[in-house]
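# How does the following fold in three dimensions:
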Amino acid sequence: MDLVAHSVAVLTPSLSALGTGLALPAMVGPGFWVSTLLGFGLAGALALVLDQFASRFNAAGSLYTYVAKGLGATVALIVGVAMVLGYGVLAGFGLTGGARRLEAAWVATGGAPPAGYVGWLVVGLLVALCLVVIRRGIHCSTRAALVVESVSVLLLGVILLVWLTRYGLPGPEVFSLAGASVERIVAGAALIATLTVAFESCASLGLEADRPLRAVPASMRISLLVAGGLFFVATLVGSVQPDRRSILTWRWFAVGQEVSLLDAAALVVLGLSMVALAVCAWTVLSRLLFSFAREGILWAGLGRTDAHGVPVVATWCVLPVALAGPVVAWALGRSAPVVPGDLLRATTVIMCVTYACAALALVPFLRSLDELRPATVALPLLALVGVGGVTWQAVTREAGGVSSLPVLLLGGVAVLGLGWRVALGVARPRRVRGIGTHEEPLVADVLIPAAPEDTRDRW
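Numbers count the residues shown, from 1 in each chain. Below you'll find the predicted structure:
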């Protein structure tokens, strides 16, 4: 349950359902449910690909380690840089998104819109809260995520029941494909696929799980089933709502009203859900830095842990990466609770590229184990095609051409990864061979079970 709660917190199913889920029928039109199946189906295919790695070994590096096993050190370092950027932006998105919803909750109670500096204060308080939770150990942070996400899912259920009471039940006609547009269905599927980014985050906690080779793959699948089920129900409910005012103004109980205590309470819960996202993304990134340190490719101090097993120095080093988003917003003259959407979408594209690398890595990895079969080749190829389509949709989303920010960031990630590889090859050539090798052996792997008493007597 702890691992499932971690991945569910990163997926933020309640926020996705109350935003994109309710609006998807109006965005896609007929066939919106096909978009849902395709989007979460692609995530499910990627989960099956990652299962092949997670069921054989456990490592704090997750995707970075998986790619190193199949594609070697150079691609692994590029993926590692991409993960640092991706999870850093996710952590910043959680902090600023939480602050933004808490400010909106204050306005919903009748308060005046807060000044710009208040957003910075709220972000600072949320940073302190994240550090306190993380420093208390992984059990505390995952249980906190479990409680918050349970409350947010309960809130989602209440809101959906209110909408069904207000607008009525959806009929079988919502599944009609009459007038459906293939282009809009594919675009909707690509949008949904971007909402599932970082579902594999629980793999970074494999070293701290009791039975990681079984628990991590199961947690990835269960988290996608939970998020996909809630999202699908929300799309059905959204197909009968008459307008999008409540979605855009964050008024689900009192549509069109400025003051609503119920909506204020809902915004507080959703704000805490965003904080849970920040905690989990922060945790994953600290474990990734821990893995780098243990392999000797970064400063060894990042691998130090405290009495709770928390990599303390790595946790503090995540702070500037997580705050990069608010700083960018400030540099652009915007309030701290508003992270530029272009940055988040560009980072999503980069994370999709890391999934493509992981899918490619599965084939040489299984071949090295002499376990390559036609079915195991078809699965990563299918996932690779799907991820390629999502990436293309995200890059060409802007009217009139290719979005430059994802391309620039991806080029920067590649340059940094290649530069890191060259620097290691010059300064520490022996360390290059250890990239992707930090994994924890299980007791069953290192202990030979004793023979039965009667067998020893015969010998």
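# hang on, isn't Tyr40 packed against Leu224?
Heads up, residue 40 is Phe, not Tyr. Yes: with contacts counted by C-beta atoms under 8 Å, Phe40 reaches Leu224, the gap being 6.3 Å. Quick note: C-beta positions are derived from backbone N, CA and C, even for glycine.
# Identify the contacts common to these two.
Thr196 (C-beta atoms under 8 Å, 6 or more residues apart in numbering).
# what does the one helix or strand Pro406 maps to rub up against?
Pro406 belongs to helix 404-427 when assigned by DSSP states H and E. Applying C-beta under 8 Å, 6+ apart, the contact partners of helix 404-427 are 73-74, 77-82, 85, 297, 342-343, 345-347, 349-350, 353, 394-395, 431-432.
# out of these, which are inside helices?
Members of those lying in helices (criterion: DSSP state H): 73-74, 77-82, 85, 342-343, 345-347, 349-350, 353, 394-395, 431-432.
# Quick check: which ranges of the stretch 351-459 of the chain have low pLDDT?
For the stretch 351-459 of the chain, the stretches flagged by pLDDT under 70 are 397-402, 437-459.
# and what of the chain?
242-243, 334-342, 397-402, 437-459.
# Quick test: name the residue nearest the centre of it.
Most central in the chain under C-alpha atoms, centre = their mean is Ala198, positioned 2.4 Å from the mean C-alpha point.
# What sits closest to it if chain neighbours are left out?
Of all residues not flanking Ala198 in the chain, Val10 sits nearest, at 4.6 Å (C-beta to C-beta, 6 or more residues apart in numbering).
# counting contacts, what elements does whichever helix or strand the one you found is part of pack onto?
Using DSSP H and E, Val10 falls within helix 2-11. When contacts are defined as 3 or more C-beta pairs under 8 Å, 6 or more residues apart in numbering; DSSP states H and E, helix 2-11 packs onto helix 138-167, helix 212-238, helix 261-294.
# Can you tell me what sits against it?
90, 138-139, 142-143, 145-146, 148-149, 195-196, 198-202, 205, 209, 215-216, 219-220, 222-224, 226-227, 273, 276-277, 279-281, 283-284.
# So among those residues, which ones count as buried?
Buried subset of the contacts of helix 2-11 (neighbour count, 16 or more other C-beta atoms under 10 Å): 90, 138, 142-143, 145-146, 148-149, 195-196, 198-202, 205, 209, 215-216, 219-220, 222-224, 226-227, 273, 276-277, 279-281, 283-284.
# Val313: neighbour count?
When neighbours are defined as other C-beta atoms under 10 Å, Val313 has 19 of them.
# From Val415, how far out is the residue nearest to the centre of the chain?
From Ala198 over to Val415 the distance is 24 Å, taken as C-beta to C-beta, to the nearest Å.
# PyMOL command for the buried members of the contacts of helix 404-427?
Per 16+ other C-beta under 10 Å, the buried members of those correspond to this PyMOL selection:
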select buried, resi 73+74+77+78+79+80+81+82+85+297+343+345+346+347+349+350+353+394+395+432
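# Do you have the helices of the stretch 1-150 of the chain handy? List them.
Applying DSSP state H, counting those that start in this stretch to the stretch 1-150 of the chain gives helices spanning 2-11, 13-16, 22-28, 32-54, 63-71, 73-108, 116-135, 138-167.
# Tabulate those in CSV, adding columns for distance to Leu191.
Shown next, in CSV, are these (distance: least, C-beta to C-beta, whole Å):
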stretch, distance to Leu191
helix 2-11, 14
helix 13-16, 10
helix 22-28, 8
helix 32-54, 7
helix 63-71, 22
helix 73-108, 16
helix 116-135, 27
helix 138-167, 19
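# quick one: which of these is nearest Pro364?
Closest to Pro364 of those, according to C-beta to C-beta: helix 63-71, at 4.4 Å.
# now could you export just the CA positions of that closest one as CSV?
In CSV, the C-alpha atoms belonging to helix 63-71 read as follows (Å, rounded to 0.1, in the frame of the first residue of the first chain):
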residue,chain,number,x,y,z
LEU,A,63,14.9,4.2,-15.2
TYR,A,64,18.5,5.3,-15.1
THR,A,65,19.6,1.8,-13.9
TYR,A,66,17.3,0.0,-16.3
VAL,A,67,18.7,1.9,-19.3
ALA,A,68,22.3,1.2,-18.1
LYS,A,69,21.6,-2.5,-18.1
GLY,A,70,20.6,-2.5,-21.8
LEU,A,71,22.0,0.5,-23.6
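# Which residues does it contact?
50, 53, 57, 59, 61, 75-76, 79-80, 83, 200, 203, 288, 291, 354-355, 357-358, 360-365, 368, 435-439.
# Give me the buried subset of those residues.
50, 53, 57, 59, 61, 75-76, 79-80, 83, 200, 203, 288, 291, 354-355, 357-358, 360-363, 365, 435-436, 438-439.
# thinking the residue nearest to the centre of the chain is in contact with Gly88, fair?
No: in this structure Ala198 lies outside contact range of Gly88 using C-beta under 8 Å: 11.7 Å.
# so what sits against both of those two?
With C-beta under 8 Å, 6+ apart, Ala198 and Gly88 have common neighbours Ala281.
# I'd like to know how many residues surround Gly98.
Neighbour tally, Gly98, other C-beta under 10 Å: 27.
# and it, what does it touch?
Contacts of Gly98 by C-beta under 8 Å, 6+ apart are 122, 126, 271-275, 278.
# Just give the nearest non-adjacent residue to it, would you?
If the residues on either side of it in the chain are set aside, Gly98 comes closest to Met274, at 3.7 Å by C-beta to C-beta, 6+ apart.
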